[in-house]
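Chemist: Sequence and predicted model, in that order:
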Amino acid sequence: MKKYLLPLTLLLFAANLLFGSVTIPVAEVVRILCGEVGGHPAWNYIVWESRLPSALTAWFCGSALAVCGLLLQTAFRNPLAGPSILGINSGASLGVALVMLCGSSWSVTTFNWGSFASILAGAFAGSMSVMALILFLSTLVRSNVLLLIAGIMIGYVTSSAISLLNFFATAEGVQSYMVWGMGHFGGVSLRQLPAFALVTGLGLVCAL
């Protein structure tokens, strides 16, 4: 089964480039990726600014999540361990909620380097805070099962904090946070992609 994963991944990557809400002939997509001008001016923008960054972002995110799960399962010697079970995902969500709901008013649908960096910083700080708490508890609790339970409880606490922030936030802030929480790979533009790929790639290399 494992030998089919790479061809399947490449096939899905190609499908992301070839298919979408706008129909672009396969030959035109290949021409655009080779640096030529497509038959329609909008096709170049769709391929270079939407489909290619989205496909690469999904590829890097999927790789990072897989490696993260593997590291946590190896460290805790438990196949159930993962970012969501240990509350790390909830910590990242809390960090973003603090930035978006308590910070200045802006829309998550209009990314610029300022808002993009703020989201990254909030998510990183929240997830690392929960991870530091888990590591501290690991010095007190020697049972991996109890650590998993502690992670689940931390996730519930952070979810409650997010609910409180949503209650006191403005309607615009709640809407922006909900849109962010739905998740999508279209927020990374072609201009931002090199930095995103560099940081993610370095993390994967360090993990391996």
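Modeler: Cool, got the structure.
Chemist: which helix in the chain runs the most residues?
Modeler: When the chain is parsed with DSSP state H, its longest helix is helix 113-140.
Chemist: Can you list the buried residues in it?
Modeler: Under the neighbour-count criterion of 16 or more other Cβ atoms under 10 Å, helix 113-140 has 115-116, 118-120, 122-123, 125-127, 129-131, 133-134, 138 buried. For the C-beta atoms, the positions are set from N, CA and C on the backbone; glycine is no exception.
Chemist: Okay, strands next: where are they in the protein?
Modeler: Here the chain has no strands by DSSP state E.
Chemist: Go ahead and flag the most central residue of the chain.
Modeler: Cys61 (5.7 Å; Cα atoms, centre = their mean).
Chemist: which residues are contacting stretch 156-166?
Modeler: 87, 90-91, 93-94, 97-98, 101-102, 126, 130, 174, 177 (Cβ atoms under 8 Å, 6 or more residues apart in numbering).
Chemist: now do 10 Å
Modeler: The contact list for stretch 156-166, computed with Cβ atoms under 10 Å, 6 or more residues apart in numbering, reads 87-98, 100-102, 126, 129-130, 173-174, 177-178, 181.
Chemist: Can you tell me the closest non-neighbouring residue to Lys42?
Modeler: Wrong residue type there; residue 42 is Ala, not Lys. Val22 (7.5 Å; Cβ to Cβ, 6 or more residues apart in numbering).
Chemist: The most far-flung residue of the chain relative to its centre and Arg31, how far apart?
Modeler: Going by Cα atoms, centre = their mean, the residue of the chain most distant from its centre is Gly39, 33.7 Å out. Here Gly39 is placed at a distance of 8 Å from Arg31 (Cβ to Cβ, to the nearest Å).
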